[in-house]
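Colleague: turn this into a structure:
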Amino acid sequence: MKPDLFTQYRLLIPLFFCLLVIGGCSSSENTETAVTPEDPAPGESWTIQANIYDTHAVEDADDLEFVVSLTSASTETVSVEYSTVDGNALDGTDYTAVSGKVDFAPGETRKFVTVEVLDNDTPQATSSKDMQLVLSNPQNVLLDHSTATGTIIDRDTMPTDAKFDKNWTKANSAFSNAETCAQGCHESDGSEMDHLGEDISPNTQWKHSVMANSVNDPYWQAAVEDESSTFPELSGFIEDTCTTCHAPMGRTHAHHSNTDLDIDGHYRVDTATAADIAREGISCTVCHQIDDGNLGSEDSFSGGFEIAKEGEANFKKTYGKFDVAAGANRMSNLTGGHLPVQGTHISDSALCATCHTLYTPTLHPDTGLPTGTSFLEQAVYLEWQNSVYNGATQCQGCHMPEPAPGYETAITLDPTGVPADRTPYRQHTLAGGNSHLLEMLSEYRTELGIDTSTTTDGFSKQIDLTRQVLATAASLTISTPLENGDTLEFDVEVTNNTGHKLPTAYPSRRSWLHVTVKDGSDQIIFESGKPDSDGYISTDKARLKADCMSAKKYDGFDSSLCYEPHRDVITDESQVAIYETVLGDANGNIIHTLLYGNSYLKDNRIPPEGFINSTAGTMEPQMLPSGVTGDADFNCIGTTEGCGKDTVLYQVDTMGKIGPYQVEAKLLYQATQPAFVDGLHSHGDKVNRFKVMYDEVPPTVEELASAYR
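Modeller: The predicted model follows:
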């Protein structure tokens, strides 16, 4: 983490202590004191406590499911009664009231209570409503947290953002809009910057990318709102930090000019979403104005890029990979002072690293105080450095591909002193691995205020480009299936073809194996990892329980109930080989709130070829795989380390079945897995809006590779 980030958090510690002294630790969880059911008999001492967790559901999609848990298993039967209580959510209108009793047999520690959610079509004044489930009459147990809130998210109440104006201007700013860069210069005339009849000019391809919509991204808006709601005393710091990379023009201009900042000097998300300079996201005059002074250093990470402000020597110097001819002054006149200069660093991975190597400070879940450590949330650049691609292929080589080998074109239509042809020409597709977000942006263009600046066709093309990138990410092989008595055995080998972990970047991403075995009559006798029509897999049922999703865990919580461990051998359909990260807090509990992130309980994402653990341990130990101990073939650690592969042995019961057997394996991928949406535990309008969007546009499942035997 950058030293200045630590400094800011050290300065915040007195504020935290002040808040603790004045009001105690605040959280959205119930903080009532324990209730003793009755005085214990002489010599009897009850130490087991019962708790209940908050939950939520989207109207007309799910019911509310509450988790009642014990701090430890009892040797005798434990029971508690429960009943619903109205809040602004009403029995008979928004939900159906229930009451009853849950019994814990000796050894049991979790029970579930379901409350039916009703479809209320009446327009609502708020985006969600609350009711409560209250525990009472405990037997052989103490009540600790006896009341939980059930939040019902209204499907029909969705805030709409103001329309984005792509022709915005900002006086005395280092930045210009992308339309200015395009008009008359960096646009296609049907001949230049055209390939096979397709306009491949920078602005045309960029404006439907995730980078162009980094502020309009409804998931980002929801995640920032959730973190800010969880830590309200840090909301300014959180939003200023997050807008560094998601709203770089708005935030950088605000700090350059000391305008549009709050009283504490922070740039806020509400300011960004109302400002067109911010809503244009990562635009031309962001990347092309980043100086090379600190690139590749730790100071450049977590949004530490440097862009000159007015009065500084490099103000409005605009870097490109090619040499600059006599047309430079003309460009300066057309774009309000942007002066093109050659800067080969624009083609280096280190430029991308400024926002794709991200550390976040760790807060302790018990106190809310900084632990003094930082959490490596994203390590794309560091993963690439520890691979065979370092020095051979830059990020731009895959994410800004040439339209065809040797393709040449002029990069501007203004002929003044500019050579006619340039090669290689890097397309500004900036395609990554998030087709699902692109589908959401396309579906909700009106609600997100981008219907006049984008088209559904443009997003469709960007989705196709994203899938082209994903199609190169991995490969699969299946060994020859062998019958060993009543067991069919075969290996599925996954090879990572990328220059970083698979999957990489934001921790919501996951990849998994969907394996099917058919017998001689073409009947399925085994299937592991099949997604349903909404993109959920069998293991999600356990992971999405309310206690797993909660930001605060009560005593007795067991993280192992909430995620699938790394699988080296699979013997049952319920087991799935999932490649992902699982975040842990400072207490070692699973967490989805980023600022509670302290370590990875599981990181079995497949490393890139050339990834060596000892090198990772020296560079940044948080890059090391986690939860794969004992798997000698993971990245070939037991043979020739650094192969960028993993092998899973499948052992399928064939008793009573007749071959020959057919095996099919698919490597599937999802950019935003359900747990990271259910893990948004606050209920502001942006969080609620995204959860409705996620339900209506379910998480896309992409196929990265397949194999047959």
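Colleague: for the rest of this, base every contact and every neighbour count on C-alpha atoms.
Modeller: Noted.
Colleague: for the nearest residue to D631 once chain neighbours are set aside, grab the count of nearby residues.
Modeller: Distances taken as CA to CA, 6 or more residues apart in numbering put D568 closest to D631, at 6.3 Å, once the chain neighbours are dropped. Around D568 there are 18 other residues, counting by other CA atoms under 10 Å.
Colleague: show me the contacts for D568.
Modeller: By CA atoms under 8 Å, 6 or more residues apart in numbering, D568 lies in contact with 577, 631, 647-649.
Colleague: could I get these in CSV, plus columns for neighbour count, pLDDT and distance to T498?
Modeller: Shown next, in CSV, are the contacts of D568 (neighbours: other CA atoms under 10 Å; pLDDT from 0 to 100; distance: CA to CA, whole Å):
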residue, neighbour count, pLDDT, distance to T498
A577, 22, 98, 19
D631, 18, 97, 22
T647, 22, 98, 17
V648, 21, 98, 20
L649, 17, 98, 23
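Colleague: which one of these sits closest to F690?
Modeller: Nearest to F690 among the contacts of D568, counting by CA to CA, is A577 at 28.3 Å.
Colleague: wait, the closest one sits on T539?
Modeller: No: counting by CA atoms under 8 Å, A577 stays clear of T539, with 10.3 Å between them.
Colleague: one step back: what's the most distant pair in the contacts of D568?
Modeller: A577 and D631 (12.9 Å).
Colleague: which SS class is G520?
Modeller: coil (DSSP: H, G, I helix; E, B strand; the rest coil).
Colleague: ok, the lengthiest strand in the chain: who's next to it in the sheet?
Modeller: Longest strand in the chain by number of residues (criterion: DSSP state E): strand 128-139. Using DSSP bridges, strand 128-139 pairs in its sheet with strand 78-86 (antiparallel), strand 147-153 (antiparallel).
Colleague: related to what we said a few turns ago, I'd like the contacts of D568 as TSV, with distance to P674 and secondary structure appended.
Modeller: Below are the contacts of D568 laid out as TSV (distance: CA to CA, whole Å; DSSP: H, G, I helix; E, B strand; the rest coil):
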residue	distance to P674	secondary structure
A577	17	coil
D631	27	coil
T647	26	strand
V648	24	strand
L649	27	strand
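Colleague: how far does the longest strand of the chain sit from the chain's center?
Modeller: With CA atoms, centre = their mean, to the nearest Å as the basis, strand 128-139 stands 32 Å off its chain's centre.
Colleague: need the nearest residue in space to E664, chain neighbours excluded.
Modeller: In space, E664 comes closest to Y708 once its chain neighbours are excluded; the distance is 4.6 Å by CA to CA, 6+ apart.
Colleague: ok, that neighbour - how many residues close by?
Modeller: When neighbours are defined as other CA under 10 Å, Y708 has 14 of them.
Colleague: how is the protein divided into domains?
Modeller: Following automatic domain parsing, one finds the domains of the chain at 1-29+290-399, 49-153, 472-708.
Colleague: tabulate those domains (a markdown table), appending distance to T241.
Modeller: Listed next are the domains of the chain as a markdown table, based on distance: least, CA to CA, whole Å:
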| stretch | distance to T241 |
| --- | --- |
| domain 1-29+290-399 | 8 |
| domain 49-153 | 27 |
| domain 472-708 | 12 |
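Colleague: weakest of those domains by average pLDDT?
Modeller: In terms of average pLDDT, domain 1-29+290-399 trails the rest of the domains of the chain, at a mean of 81.
Colleague: picking up where we left off before, what would the strands paired with strand 128-139 look like in TSV with mean neighbour count?
Modeller: Compiled in TSV, the strands paired with strand 128-139 are given as follows (neighbours: other CA atoms under 10 Å):
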stretch	mean neighbour count
strand 78-86	19
strand 147-153	24
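Colleague: using CSV, please lay out those together with distance to A171.
Modeller: Below are these laid out as CSV (distance: least, CA to CA, whole Å):
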stretch, distance to A171
strand 78-86, 53
strand 147-153, 42
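Colleague: what about stretch 490-503, how long is it end to end?
Modeller: By CA to CA, to the nearest Å, the extent of stretch 490-503 from end to end equals 24 Å.
Colleague: could you list the buried residues of it?
Modeller: Under the neighbour-count criterion of 16 or more other CA atoms under 10 Å, stretch 490-503 has 490-503 buried.
Colleague: which of those residues sits closest to N258?
Modeller: Closest approach to N258 among the buried residues of stretch 490-503 (CA to CA): H500, at 37.9 Å.
Colleague: before we move on, back to that, following the longest strand of the chain, which helix or strand comes up?
Modeller: Proceeding N to C from strand 128-139, the next assigned helix or strand is strand 142-145, under DSSP states H and E.
Colleague: right, I'll leave it there.
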